[in-house]
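In: what shape does this take:
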Amino acid sequence: MSTQAANNHFLKGRGRITPGSFADVTIFDYDKLEVTGDAVEPRRYPKGIVHVLVNGVPVLSNGKHTGATPGVAIRRAK
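Out: Numbering: from 1, shown residues only. This is a model prediction of the structure:
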């Protein structure tokens, strides 16, 4: 799913877990996954997201934000 999206948008090193690629990973509990945002409050965190790594750095651990902000703006490679 993420590989095809990364390829469609020409995002090199994204969308796959391979040596040399960026480690952007989300681990979730499918049975507990629930969208909580709405039109009034779209930034509410969804339920069921357990861990998130951005560029290999834990940003969400056991459902709690770690305070890390390792994300960077990315551009298409073309």
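In: let me see the ranges of the helices in the chain.
Out: With DSSP state H as the definition, the chain shows helices at residue ranges 2-8.
In: just give the number of residues close to the residue lying closest to residue 47 once chain neighbours are set aside.
Out: Nearest residue to residue 47, sequence neighbours excluded (Cβ to Cβ, 6 or more residues apart in numbering): residue 34, at 4.2 Å. Every residue, glycine included, has its C-beta placed from N, CA and C. Counted with other Cβ atoms under 10 Å, the burial measure for residue 34 works out to 9 neighbours.
In: mind listing what residue 34 touches?
Out: The neighbours of residue 34, taking Cβ atoms under 8 Å, 6 or more residues apart in numbering as the test, are 46, 47, 48.
In: quickly note the distance from the nearest residue to residue 14 once chain neighbours are set aside to residue 77.
Out: Nearest non-adjacent residue to residue 14, counting by Cβ to Cβ, 6+ apart: residue 6, 4.2 Å away. Distance of residue 6 to residue 77, given as Cβ to Cβ, to the nearest Å: 10 Å.
In: please apply the same query to residue 38.
Out: When distance is defined by Cβ to Cβ, residue 38 is 35 Å away from residue 77.
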